[in-house]
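**Q** sequence and predicted structure, then a few things I'm wondering about:
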Amino acid sequence: MKTEEKSPKKKNRALVFVIFVFVALYIPSFFHWIYGDKIQTDMLTDGSIEETIEVEGLIIRDEVVINSPFTGRFVINVSSGEKAASGEAIATLLKDSSVGALDDLRKKDIEILKAKNEKVKAQEIFSDDISKVEGDIYSKLKLLLLADNVGNTDTSWFLRQDIDKLIEKKADILGGTGGTDTKIQQLVKEREQLQSLVNSYTKQIYAPVPGIVSYSIDGTESALGVDKIANLTVDQYESLKPVFKEVKGNALSAEQDKPVFKLLKGIEQYIIVELPQDKAATFQVGKTTENIRISQVGKIYEGVVYNISDPDNGKCLVAFKTEKGINETASYRRVNIDIIEKASSGLKIPRKSLVDYNEVNGTARVMFLKANYATSKEVTVVEADEESAIIASSKDPSKGIISRYDNYLVNPQNIQEGQLIEK
């Protein structure tokens, strides 16, 4: 009976032993599968975090608009964005009727070229005949000299008749090429008349004042003057519909008494935006300065608040004055901008990489990789948003120094200090 009672106990001990071996062998592998192969690492690199206001804006400049004296085409002499001096020829205008005259002028040049080629060919064709006639005349002159020396009057008379005929023959041959010269002269006169006609259809347009050249006429030139900024209302601003026209090539169309190009005077430009009233209230005219990024040109300009309009339906117009970039933005009126209210730069990591982040004290831990082992270091969080954080070494050097290109764990959850990390 006792033997039969001990048997189940032995079986239980054997089962426990098997379970123990299983746990000892496979649980570490399980954790390695969960936390080892899926651990993502990265290197510390420089970056920045910004707090911005993204909004559309209109650029206002001191502009001088130049109208076209007639309808036609104009050829660009000075490119958009370039500085032009006062009195410099900016564009060459051609009337529509000049197109036909230019075609006629081109055809006349071709006719003159053909006539000159014909003259060259004629000279080549008749050169042998002229040489033969000149040889015959030379032979007859020698015989005439001998006849005169011996007093043979009849022979001399016949020889003179032959020489006269040969001279007439040469004149006839030369007359064939001379006709070509006459034709060329007539064609040249006709071309000069056409050139005068073309010149009467052409007009140079000069810069009345120095400034940056822009061919982007958007239809808001009269409404968006510098003198209009102070009185511009929210309703007027919202009703403006500038039409951007891309300038391609150097030959563009012109319409009589309509703008053909404009000159941007000075170096100042004004960027006017529509903002909520409460946000506009945080700005002060002449005192608040913001960095403004213009997406179209990819650059940042410093702008000081120049004017704030009266509120209308909870909105205000805020105008920023800048003194740089007028040549870079010469082709734009409506732009996408970022008003950068706050910016921090330094060593940047994902916010999810912070462990035990204390937003009040600005402290956190980051798990770094040292010799394939996880190492925890306390860091100072300089700035953070929902996605990223700018960090620096802890103010207490004993808690670890961090540097650019240090390897850190992107997802440090469930990772323990000293844990082996296999990448």
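**A** Great, that's in hand. Numbers count the residues shown, from 1 in each chain.
**Q** contacting residues for residue 296?
**A** 329, 332, 335-336 (CB atoms under 8 Å, 6 or more residues apart in numbering). Every residue, glycine included, has its C-beta placed from N, CA and C.
**Q** quickly list what residue 56 is bridged to.
**A** residue 336 (DSSP bridges).
**Q** tell me how many other residues surround it.
**A** By other CB atoms under 10 Å, 11 other residues sit near residue 56.
**Q** my guess is it contacts residue 335. True?
**A** Yes - counting by CB atoms under 8 Å, residue 335 is a contact partner of residue 56 at 7.2 Å.
**Q** so residue 330, which of the three states?
**A** coil (DSSP: H, G, I helix; E, B strand; the rest coil).
**Q** my guess is it contacts residue 218, does it?
**A** No - counting by CB under 8 Å, residue 218 is not a contact partner of residue 330; they are 12.0 Å apart.
**Q** list the contacts for the residue nearest the centre of the chain?
**A** Geometric centre of the chain, nearest residue: residue 297, 8.1 Å, by CA atoms, centre = their mean. By CB under 8 Å, 6+ apart, the contact set of residue 297 is 325, 328-329, 332.
**Q** okay, buried residues for the helix or strand hosting residue 42 please.
**A** Remark: residue 42 resides in strand 41-43, with elements defined by DSSP states H and E. Within strand 41-43, no residue counts as buried by 16 or more other CB atoms under 10 Å.
**Q** neighbouring strands - and their directions - for it?
**A** Using DSSP bridges, strand 41-43 pairs in its sheet with strand 407-409 (antiparallel).
**Q** just the residues contacting the strand it pairs with, thanks.
**A** By CB under 8 Å, 6+ apart, strand 407-409 touches 39-44, 349, 353, 366-369, 374, 415, 421.
**Q** run the chain-centre distance for stretch 188-207.
**A** 35 Å (CA atoms, centre = their mean, to the nearest Å).
**Q** which residues touch that stretch?
**A** Residues from elsewhere that reach stretch 188-207 (CB under 8 Å, 6+ apart): 66, 68-70, 72, 74, 84-95, 97-98, 101-102, 104-105, 108-109, 112, 213, 260-261, 263.
**Q** what subset of those is buried?
**A** Here, 16+ other CB under 10 Å leaves 66, 68, 70, 72, 74, 84, 90-95, 98, 101-102, 104-105, 108, 112, 213, 260-261, 263 buried among the contacts of stretch 188-207.
**Q** please enumerate the strands of the stretch 101-250 of the chain.
**A** 202-206, 211-214 (DSSP state E, counting those that start in this stretch).
**Q** do the stretch 301-423 of the chain as well
**A** Under DSSP E, counting those that start in this stretch, the stretch 301-423 of the chain gives strands at 315-322, 334-350, 355-358, 363-370, 373-384, 388-393, 407-409.
**Q** between these, which one is closest to residue 48.
**A** Nearest of these to residue 48, taken as CB to CB: strand 334-350 at 4.1 Å.
**Q** can you give me the buried ones in the closest one?
**A** Residues of strand 334-350 classed as buried by neighbour count (16+ other CB under 10 Å): 334-335, 337-340, 344, 346-349.
**Q** give me the distance from it to the chain's centre.
**A** Centre-to-centre, strand 334-350 and its host chain are 23 Å apart (CA atoms, centre = their mean).
**Q** alpha carbons of that strand, as PDB, please.
**A** The C-alpha coordinates for strand 334-350 follow below in PDB (Å, rounded to 0.1, in the frame of the first residue of the first chain):
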ATOM      1  CA  ARG A 334       0.300  85.400 -51.900                       C
ATOM      2  CA  VAL A 335       2.600  83.300 -49.900                       C
ATOM      3  CA  ASN A 336       2.500  80.500 -47.300                       C
ATOM      4  CA  ILE A 337       4.300  81.500 -44.100                       C
ATOM      5  CA  ASP A 338       5.300  80.200 -40.700                       C
ATOM      6  CA  ILE A 339       5.400  82.800 -37.900                       C
ATOM      7  CA  ILE A 340       8.100  81.200 -35.700                       C
ATOM      8  CA  GLU A 341       7.200  82.200 -32.100                       C
ATOM      9  CA  LYS A 342       9.600  79.900 -30.400                       C
ATOM     10  CA  ALA A 343      12.400  77.700 -31.600                       C
ATOM     11  CA  SER A 344      14.900  75.500 -29.700                       C
ATOM     12  CA  SER A 345      17.800  73.500 -31.200                       C
ATOM     13  CA  GLY A 346      20.100  70.900 -29.900                       C
ATOM     14  CA  LEU A 347      20.200  67.100 -29.600                       C
ATOM     15  CA  LYS A 348      16.900  65.900 -30.800                       C
ATOM     16  CA  ILE A 349      15.100  62.600 -30.000                       C
ATOM     17  CA  PRO A 350      11.600  61.300 -30.200                       C
END
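**Q** what's the average pLDDT for that strand?
**A** In this model, strand 334-350 carries a mean pLDDT of 94.
**Q** I'd like the numbering to begin with 13 instead of 1 from here.
**A** Sure thing, new numbering starts at 13, so read that last one as strand 346-362.
**Q** packing partners of that strand?
**A** strand 57-72, strand 281-288, strand 301-306, strand 385-396, strand 400-405 (3 or more CB pairs under 8 Å, 6 or more residues apart in numbering; DSSP states H and E).
**Q** tilt between it and strand 327-334?
**A** 80 degrees (axes from the mean of the first three to the mean of the last three CA atoms, to 10 degrees).
**Q** the closest residue to residue 294 other than its chain neighbours and residue 241, how far apart?
**A** Once flanking residues are discounted, residue 294 sits nearest to residue 300: 7.8 Å by CB to CB, 6 or more residues apart in numbering. To residue 241, residue 300 is 16 Å away according to CB to CB, to the nearest Å.
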